[in-house]
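Asks: Quick check, what structure comes out for this input:
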Amino acid sequence: MTLIETPAPASPPQPAVYRIGEMPEADRPRERLLRLGPGALKTDELLAILLRTGSAREDVLAVAQRLLAERGGLRGLAGSDLATLAEMHGLGPAKATTIAAAFELGRRAALEAGGTQVAVTSPAEIVRLLQPEMELLQQEELRVLILDTKHHVVAAPMLYRGTVSAAPGRVAEVFREAVRRGAAKVAVAHNHPSGDPAPSRDDIAFTRELVQAGRLMEIEVIDHVVIGQGPGRWVSLRERRLGFD
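Replies: Alright, predicted model coming up:
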């Protein structure tokens, strides 16, 4: 008996995958942005423009796609600290600082756009403003909301990374920034990278020092909020009367 071999079904055609240097010039991210505007580009293409160059093994678009995948998307990348970015393959300090600067500019632009319209009068509003970014951070950061007399956000600088403590230098940093910017009131917030927003004894002691210093300087501390991860995962120390006695 003669066996007749049945040919294997043909594989469906695969879309062409180009390295960025092989793309038609008009399809490259930078040229597309010039022609169509930034809104027409995908996230990985915008990131590739910031990175400018790839590595020996990957072109710049492949590096951008890998970074987004490794960090869980744009929000994860935005929440990465500078040291983490600099250690990622294909980056290094120069590209890491470019990415960090771009995210910081975006954050400041958002604050300027909304700060004159939104009055921060409750801890929920502090959380709405800061949690989307701060819940993703891998280190503790302290942010200070500089407020005018109507509770409008004037600025929201990050003062330091590290564990919150009641050290006099930490308290002085808050009010040095407040005085420099002419604050009428301030609110402070820091994150717990563990995701659990329960205040520590150091958090409470730091709050008490802040409130007492604020009374002396006639700059009201309206709240200290600890931000965890996920909806509802935050604590207002004022609401719990911790350090506001």
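Asks: Who are the contact partners of the residue lying closest to residue 70 once chain neighbours are set aside?
Replies: Once flanking residues are discounted, residue 70 sits nearest to residue 88: 7.1 Å by CB to CB, 6 or more residues apart in numbering. Every residue, glycine included, has its C-beta placed from N, CA and C. Residues in contact with residue 88, defined by CB atoms under 8 Å, 6 or more residues apart in numbering, are 67, 70, 96.
Asks: Residue 161 is in contact with residue 81, isn't it?
Replies: Yes. Residue 161 is in contact with residue 81 according to CB atoms under 8 Å; the separation is 7.1 Å.
Asks: which neighbours do those two share?
Replies: residue 139.
Asks: low-confidence ranges in this structure?
Replies: Applying pLDDT under 70 to the chain picks out residues 1-22, 111-118, 163-169.
Asks: residue contacts, residue 108?
Replies: Applying CB under 8 Å, 6+ apart, no residues contact residue 108.
Asks: the longest helix in the protein is where?
Replies: For the chain, the helix reaching the highest residue count under DSSP state H is reported as helix 93-115.
Asks: Return the alpha-carbon coordinates of it using PDB.
Replies: C-alpha atoms of helix 93-115 as PDB (Å, rounded to 0.1, in the frame of the first residue of the first chain):
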ATOM      1  CA  PRO A  93      21.400  57.100  34.300                       C
ATOM      2  CA  ALA A  94      21.100  59.400  31.300                       C
ATOM      3  CA  LYS A  95      17.900  57.800  29.900                       C
ATOM      4  CA  ALA A  96      16.500  57.200  33.400                       C
ATOM      5  CA  THR A  97      16.700  60.900  34.200                       C
ATOM      6  CA  THR A  98      15.000  61.800  30.900                       C
ATOM      7  CA  ILE A  99      12.100  59.500  31.700                       C
ATOM      8  CA  ALA A 100      11.900  60.700  35.300                       C
ATOM      9  CA  ALA A 101      11.900  64.400  34.200                       C
ATOM     10  CA  ALA A 102       9.100  63.700  31.600                       C
ATOM     11  CA  PHE A 103       6.900  62.200  34.300                       C
ATOM     12  CA  GLU A 104       7.600  65.000  36.700                       C
ATOM     13  CA  LEU A 105       6.700  67.600  34.100                       C
ATOM     14  CA  GLY A 106       3.500  65.800  33.400                       C
ATOM     15  CA  ARG A 107       2.700  65.700  37.100                       C
ATOM     16  CA  ARG A 108       3.400  69.400  37.500                       C
ATOM     17  CA  ALA A 109       1.300  70.300  34.500                       C
ATOM     18  CA  ALA A 110      -1.600  68.300  35.900                       C
ATOM     19  CA  LEU A 111      -1.300  70.200  39.200                       C
ATOM     20  CA  GLU A 112      -1.200  73.600  37.500                       C
ATOM     21  CA  ALA A 113      -4.200  72.700  35.400                       C
ATOM     22  CA  GLY A 114      -6.300  71.600  38.300                       C
ATOM     23  CA  GLY A 115      -4.700  73.500  41.300                       C
END
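Asks: Buried ones among the contacts of residue 88?
Replies: Those of the contacts of residue 88 that meet the buried threshold are 67, 96, by 16 or more other CB atoms under 10 Å.
Asks: Now for residue 123, how many residues are close by?
Replies: A count of nearby residues for residue 123, using other CB atoms under 10 Å, gives 20.
Asks: Helices of the chain, start to end?
Replies: Along the chain, the stretches classed as helices by DSSP H are 29-36, 43-51, 60-70, 74-78, 82-87, 93-115, 123-134, 168-180, 201-217.
Asks: Using a markdown table, lay out those helices together with distance to residue 157.
Replies: Listed next are those as a markdown table, based on distance: least, CB to CB, whole Å:
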| stretch | distance to residue 157 |
| --- | --- |
| helix 29-36 | 30 |
| helix 43-51 | 23 |
| helix 60-70 | 26 |
| helix 74-78 | 17 |
| helix 82-87 | 16 |
| helix 93-115 | 9 |
| helix 123-134 | 12 |
| helix 168-180 | 6 |
| helix 201-217 | 15 |
